[in-house]
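*Asks:* Need the 3D shape of this:
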Amino acid sequence: AAQRELDVATLRAEAMRWQLLHASAAQRHAVVEAENSRLQRQFEVLERRTAGWQAGHRSDVDKLKEQVVLATQEAANAREAERVATRQAEEAETLAASAGQRAEFEASSR
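*Replies:* From the prediction side, this is the model:
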């Protein structure tokens with residue numbers, strides 16, 4: 001009978017030990033789940049920040065591209081204005097030379 005009581009007490013102690021292990025594992029699981037939830041929220045915040053940064057970066061890149069296009073157009077307009085001014089100067093030189101020759105001719109024919 002004493003052996004049987006000892007066996008029953010040993011089994012109860014073993015059952016309690018398993019219950020404690022189970023409770024401990026459940027507690028660790030809850031801690032891990034809480035940490036996982038915290039990390040998930042942190043990840044979502046970082047994703048939103050990254051998306052905002054990327055949108056801002058794209059916006060900055062678009063602005064820079066627009067500035068490059070405008071600068072390129074302004075440079076092309078300046079080159080065209082220079083060509084026109086050069087052509088007008090050459091025409092003015094030609095007209096001046098013609099007028100000079102005409103004036104010389106008229107002076108010599110008098």
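*Asks:* low pLDDT regions in this structure?
*Replies:* When residues are selected by pLDDT under 70, those of the chain lie in 110.
*Asks:* Helices of that one, start to end?
*Replies:* 2-109 (DSSP state H).
*Asks:* distance of A78 from L70?
*Replies:* 12 Å (CB to CB, to the nearest Å). C-beta here means a position set from N, CA and C on the backbone, and glycine is covered the same way.
*Asks:* do S37 as well
*Replies:* Taken as CB to CB, the span from S37 to L70 is 50 Å.
*Asks:* what do you get for A1?
*Replies:* 102 Å.
*Asks:* Counting neighbours around each, name which of these two comes out higher.
*Replies:* Counted by other CB atoms under 10 Å, A1 and L70 do not tie: L70 has more neighbours, with 10 against 5.
*Asks:* mind listing what that one touches?
*Replies:* Counting by CB atoms under 8 Å, 6 or more residues apart in numbering, L70 touches no other residue.
*Asks:* same check, this time on S108
*Replies:* By CB under 8 Å, 6+ apart, S108 lies in contact with nothing.
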